[in-house]
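Asks: coords please:
(chains A and B)
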Amino acid sequence: MLGIDWFWTVILMAVAASGAVRYLPILPERWRVPASVAVMLAFICWMPFTIGTFDTSLLTKAAAWTIVAIGLNILTGYNGQISLGHGAFVLIGAYTAAILTDSKEHLSFIDQAAWPFWAATIMGGLVAAAAGLAVGIPALRLSGPYLAVATLGLVLALPSVLTKYDGFTGGRLGIRRVPKPPVPGFLEDWAQAFGGDLSRDQWFFFLALFAAVAMTALAFYIVRSRWGRAFVAVRDSEVAAAAVGMNVARTKVTAFTISAFYAGIAGAIFLFTFQGSISPETIGIILSITFFTAIVIGGLGSIMGAIIGGFVVVFLPDLATDAATSIFGEQQGKQLWPTVYGIVLIGVIILMPHGVAGFLHRLARLRPAQVADAARGLPAALRSRLGQTLERLSWGGKDTGRP
Amino acid sequence: MQILRRPWLLILALAVVLLIAAVACEDEEEEAAETPTGETPVVGVTPGPGVTDTEIKLGHTNDLAGSGGTPYGIITLALQAYLNKVNDEDGGVCGRNITLIAEDDQYAPDLALEKTRKLVEQDEVLAIVGALGTAAHLGAVDYLNDPNDDGDTSDGIPDLFVSTGFTGWANVATWPWTFGYIPDYNSDGQVLTTYINENFPGQKVGILYQNDPFGEDYLNSVKENLADPALLVAEQTYEPGAPDLSAQIINIQSAGAEVVVLGAVPTGSAAAIIAANALGYSPQWLVSYVNAHTSLAATIGGGTEPEQLGQGFALIDGTIAINYQLDAVGDTDDPAMVEHARIMDTYGGPGLSTLSVYGAHLGETIVEALSGACDNLTREGLLQSVESIQDFTPSLFLPDIAVSFSPTDHRAIETFQPIRMEADGTLTDVGDMISLE
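Replies: Numbering: from 1, shown residues only, chains lettered A, B, ... in the order given. Model prediction:
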């Protein structure tokens, strides 16, 4: 019915249930948000046991991309700097983690013994952060579209560099079959205590989920801290921020570094829980730009927007393909899905200027009376809007003096 | 309390939950009703995943919508049209219809892995066929050869006829379930060099190659196989997409090269040939087989109008390349080509081109592989069937070129026909087949 499969049914149930808890009258006001988050997490933890291994792996990937999106949103949404090249930091994080855990030949002076995956993940984040710092300082001289193009250069250049220094990057083939983290014994025991069995895919999912939740919590802390307020102040007006004694340059470089740290962690998580191998082309320019698209669609300057963005990266193309195949038929749909995808992007930007998160926020604040008012006023508003448009379009219209 | 001011939200949310739960229960009932109707095979080996009494499911990944910047989605259309013909006119294969499930990987490694997992775990296909793109398929190849990553490759999934020239696909020790198909660039370079050794002995050789692993394959194989390495007088590179290659061509010309190898894609080859023409330099060109003569002529002439093509063909007159399949322009009278045109027309395939021919003979080889496994339609059975293919010539191949595999050799084609591109747009076979076996 409606072409909704079990996967999406569970997702919708999770969203609806956690939304209901958010407005549950029997709960005291201050418990509602934590309770709705808890309900959402409970659903998410249940999902890998009810959906298939493939859908579980998609959620795992979405969790990794959520981490990238949160970091990018700190940079773009909160601090106003545009990076189209965040894929480069993801790649740096993934390569660092791969080199450290793979003991075959790479960098034998550091990793004679393979590092545990968690240490390699943190190191991946730190190396990416160092790269972010190195890029962030020259980026101070650039802003807006100029910075966007410069960061695009990063993601264009990095694959060639990785191919060139094949002594420790494995060249074009990359680093293959990185040892994936084994299922820890205590989790297996837990699963057995519940009469179940934890598969590798489920373990990878929980690992990625843990990382995503931890990084989300960290992000909430950052944006509410002194630094977060400084990011926003600098975004809104560098002059004003400087006038009240803020160090604008340091604030911007910090945002860049934190954001690259997130991308590096995400790269390592992506490697360990999903891809298993890393080669120079794994994170390409398209994916890199998609990260940016995702946070705009999800909602700039909103952690929730970034989480929605991570899901957008993974699931929107598939949903667009489903829609296209139901419109154009199986074969045509698979060739024409980018059309639907593009229309959805345009539609979201026009109808939800603050992204999906901003839209949901406004929806939640609507009062019935407002809806009724808006509905009553709608025909008149449409007539007036249509009249204005026609007036501007018509050649014979009188000059209103407007540009 | 705040919620009392907007109880409608609560009611709405609860209604949504109930509605979804109702839909979900309905779905489950439907599934429960469907499950017991699973077919049981009558005799013989239990069929593998994706095989029922009436159907064989195969998976395929490609840059279907072209968002990866390639035109190769045409191959999938042609392959699908050919398999439709097999199902409709030939009664399928092993008495079963072939269902091809194609997924768009956008030429990206992470999506190639994602879609391959979808095909294997959700659609439960018997095998993956004709996966395309070296970088993209590198993302999926380890998974196909060892899905649970335990180091034991016995549970692999057949990864048949990968459509890229990467030399590594034939590495049986690492990837025992993977089979190559199109000639790899190393073999191509080797054949071109052999042709130089035999036909232009003692002449000075120059090479212009694209500065990436594809181009480097040509440089390395020329260096390794040239009879007298001292004859290689010029090595020039270009960056992919570089519009003007005059500087490189001047260097090659001033080094005195009489024979020039182009390890280049059509845009690069065209820029080199145009630059040489402007300099009045006309060496003997040998080009990578990725330069189909029609696309090369169109790139040089600036379009596909007859006049533009004519200009292009005039400039590439005498150029040597290898070939293994029939030509969509020159061989239109060949019965196999007539049949190909009919199949593409009847079953919704694309217009005729090098890629449509490719997709169709890929289909022929897939059918050959499956029909050798009718007694044992499992993944192991299919693997054995492919490894026992000997001297199979798809109808759209040149007559003397054949596909052969063995348990130790997963390269498909190891014999090539050198051809010369003529000013009238046709191809002429020159010399004997060159075999690398």
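Asks: in space, what's closest to the closest residue to chain B within the stretch 201-350 of chain A - neighbours in sequence excluded?
Replies: For the stretch 201-350 of chain A and chain B, the shortest gap (Cβ to the nearest Cβ) falls at A:Glu281, measuring 3.8 Å. Quick note: C-beta positions are derived from backbone N, CA and C, even for glycine. Of all residues beyond its chain neighbours, the one nearest A:Glu281 is B:Ala135 (3.8 Å), with distances taken as Cβ to Cβ, 6 or more residues apart in numbering or on different chains.
Asks: now swap in A:Leu58 and tell me
Replies: Going by Cβ to Cβ, 6+ apart, A:Leu58 has A:Val314 as its nearest residue, at 5.7 Å.
Asks: part of a strand, is the one you found?
Replies: No - using DSSP: H, G, I helix; E, B strand; the rest coil, the secondary structure at A:Val314 is helix, not a strand.
Asks: contact partners for residue 197?
Replies: All of this is about chain A. A:Asp197 makes contact with A:Glu188, A:Ala191, according to Cβ atoms under 8 Å, 6 or more residues apart in numbering or on different chains.
Asks: wrong chain, I was asking about chain B
Replies: With contacts defined as Cβ under 8 Å, 6+ apart, the neighbours of B:Asn197 are B:Asn225, B:Leu226, B:Ala227.
Asks: from chain A, how far out is it?
Replies: The spacing between B:Asn197 and chain A, counted by Cβ to the nearest Cβ, to the nearest Å, is 29 Å.
Asks: B:Ile196 now?
Replies: For B:Ile196, the distance to chain A (Cβ to the nearest Cβ) stands at 27 Å.
Asks: close enough to count as contact, that residue and B:Val205?
Replies: Yes - B:Ile196 is within contact range of B:Val205, at 6.3 Å (criterion: Cβ atoms under 8 Å).
Asks: picking that back up, what about the residue of the stretch 201-350 of chain A closest to chain B, which SS state?
Replies: On the three-state scheme (three-state DSSP), A:Glu281 is labelled coil.
Asks: so where's the stretch 301-403 of chain A uncertain?
Replies: A:394-403 (pLDDT under 70).
Asks: who in it is up against chain B?
Replies: When proximity is defined by Cβ under 8 Å from any Cβ of the partner chain, the stretch 301-403 of chain A lies next to chain B at A:Pro317, A:Thr321, A:Gln331, A:Lys334, A:Gln335, A:Leu336, A:Trp337, A:Pro338, A:Ala364, A:Leu366, A:Arg367, A:Pro368.
Asks: among the residues you listed, name the ones in helices.
Replies: Cross-referencing these with the helices (criterion: DSSP state H) gives A:Pro317, A:Thr321, A:Gln331, A:Lys334, A:Gln335, A:Leu336, A:Trp337, A:Pro338, A:Ala364, A:Pro368 as the overlap.
Asks: who wins on neighbours among those?
Replies: When those are compared by neighbour count (other Cβ atoms under 10 Å in any protein chain shown), A:Trp337 ends up highest, at 25 neighbours.
Asks: OK, contacts around that one?
Replies: By Cβ under 8 Å, 6+ apart, the residues touching A:Trp337 are A:Pro317, A:Ala320, A:Thr321, A:Ala323, A:Ala324, A:Thr325, B:Ala65, B:Asp104.
Asks: which among those residues gets closest to A:Ile99?
Replies: Out of the contacts of A:Trp337, the one with the shortest distance to A:Ile99 is A:Pro317. That distance is 30.6 Å, counting by Cβ to Cβ.
Asks: excluding residues flanking it in the chain, which one is nearest the closest one?
Replies: With sequence-adjacent residues excluded and distances taken as Cβ to Cβ, 6+ apart, A:Pro317 is closest to A:Tyr341, at 6.0 Å.
Asks: and the ones in helices among the residues of the stretch 301-403 of chain A next to chain B, which two are the farthest apart?
Replies: Taking Cβ to Cβ as the measure, those span a maximum distance of 46.6 Å, between A:Gln331 and A:Pro368.
Asks: all strands of the stretch 301-437 of chain B, in order?
Replies: Taking DSSP state E, counting those that start in this stretch as the test, the strands found in the stretch 301-437 of chain B are B:320-323, B:415-421, B:427-429, B:434-435.
Asks: how about the ones you listed, which one is nearest chain A?
Replies: strand B:320-323 (23.7 Å).
Asks: ok, and what's touching that closest one?
Replies: With Cβ under 8 Å, 6+ apart as the test, strand B:320-323 has contacts from B:183, B:188, B:191-192, B:195, B:284-289, B:291, B:293, B:398, B:416-421, B:427, B:430, B:434.
Asks: and if we set it to 7 Å?
Replies: Strand B:320-323 is touched from outside by B:188, B:191, B:195, B:286-287, B:289, B:291, B:398, B:416-421, B:427, B:430, with contacts defined as Cβ atoms under 7 Å, 6 or more residues apart in numbering or on different chains.
Asks: for chain A, what's the nearest residue on the stretch 251-400 of chain B?
Replies: Residue nearest to chain A within the stretch 251-400 of chain B (Cβ to the nearest Cβ): B:Gly348, separated by 7.5 Å.
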